[in-house]
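A.B. asks: pasting the structure only:
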Ligand SMILES: [Zn+2]
C-alpha cells in the first residue's frame, strides 16, 4: 500500500518522540537520501582516488565565464559533430566570420569526425565525453575512461589534443572533476544558454533571450545536434550573432577568452 506523505510525516514524528519500534517500517523518503552515508572512497562525489593514491594534478580549474573587463563572448555548441546541424552552424559562423568552441562527443567524432576537418585552427574543438553519460553517477575510473577515450580519438582525428572539458548536463561530481583535472583539462560550464523552452510559440524571442543573458566574458551554451526544438536557435544563429555584435560584443573561442584573464593575472601592474 502506498504510504501518504501525511502518514509518513506522522510516523516520522512518532519516531522522533521515541515510538520507533511501532513505525520502524515507515520512512520519509525525501529525508532518506540526505542521511544515507556515501562510500568514503570510490563514489561519484569523491574527489579522492578510490585506492587513495595521490592525484596526478595539484589543483583544478573550473570556469563558468571569462573575464568581465572586455565585451567578448564565447559561443559554444555541444553534442556534435553531426550531419544534421553541424554543417549549418559552421556555415553561419563562416558567413559571420565568428570563431566558436565545439564540445564534441567521442562517438560522433568516430562516426562524423570529418565534419570538423576544416575547423582545426579556426574553431576550438573540446571534450564532452565519449557517450554523453551522466558523470554524476560514474566513479573515477569510468569518468577517466569517458574523458581519455575522447581525447585520444580527437588527437588521432584532428592532430591536436583538447584542453577543455564540459561535463554532460553540467553535472560535475568529485570523481569527474578529479578525472578531468588529471587529464589536464579545464572544466567549462556556461553563464548563458539557449533556452528554447522559454520561447515556445514565439521562436524569434530566442534572440532577445540570449542577448539579455550575455555579459562581458559570457560563455554561451547551445547545441549543434539534438531534439528539433533546438532548431529555434540554429535557424536564428546569424541573427543572434548580429544582435550581439550590435550590442558591442566580439567573439572568441573559450581558450582565447580565458587566455586573456591568465595573461592579465600574471602581467605586473603599473601604477
Ligand atoms: Zn551535452
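C.D. replies: Arrived safely, thanks for sending. A quick note: this is a predicted structure, and the numbers were derived from the prediction, not measured.

A.B. asks: break the protein down into its domains, please.
C.D. replies: 5-35, 62-266 (automatic domain parsing).

A.B. asks: mind putting those into CSV with mean pLDDT and distance to residue 54?
C.D. replies: All C-beta atoms are positioned from the backbone trio N, CA, C, and that covers glycine. Below are the domains of the chain laid out as CSV (pLDDT from 0 to 100; distance: least, Cβ to Cβ, whole Å):
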stretch, mean pLDDT, distance to residue 54
domain 5-35, 46, 31
domain 62-266, 96, 11
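
A.B. asks: got the phi and psi for residue 124?
C.D. replies: Per-residue torsions, residue 124: phi -100, psi 130 (degrees, to the nearest 10).

A.B. asks: meant to ask about residue 196
C.D. replies: phi -60, psi -30.

A.B. asks: quick one: residues contacting it.
C.D. replies: Shown in contact with residue 196 (Cβ atoms under 8 Å, 6 or more residues apart in numbering): 206, 229-230, 232-233.

A.B. asks: mind running it again at 6 Å?
C.D. replies: Contacts for residue 196 (Cβ atoms under 6 Å, 6 or more residues apart in numbering) come out as 229-230, 232.

A.B. asks: neighbour-wise, give me the winner out of those residues.
C.D. replies: In terms of neighbour count, residue 232 stands highest of these at 21 neighbours, by other Cβ atoms under 10 Å.

A.B. asks: how far away is that residue from residue 147?
C.D. replies: Residue 232 is 31 Å from residue 147, where distance means Cβ to Cβ, to the nearest Å.

A.B. asks: up against the ion, what does the stretch 1-150 of the chain have?
C.D. replies: When proximity is defined by Cβ under 5 Å from the ion, the stretch 1-150 of the chain lies next to the ion at 78-79.

A.B. asks: for the stretch 1-150 of the chain, just list every one of the helices.
C.D. replies: In the stretch 1-150 of the chain, the helices defined using DSSP state H, counting those that start in this stretch lie at 5-16, 20-23, 29-35, 86-96, 106-112, 140-158.
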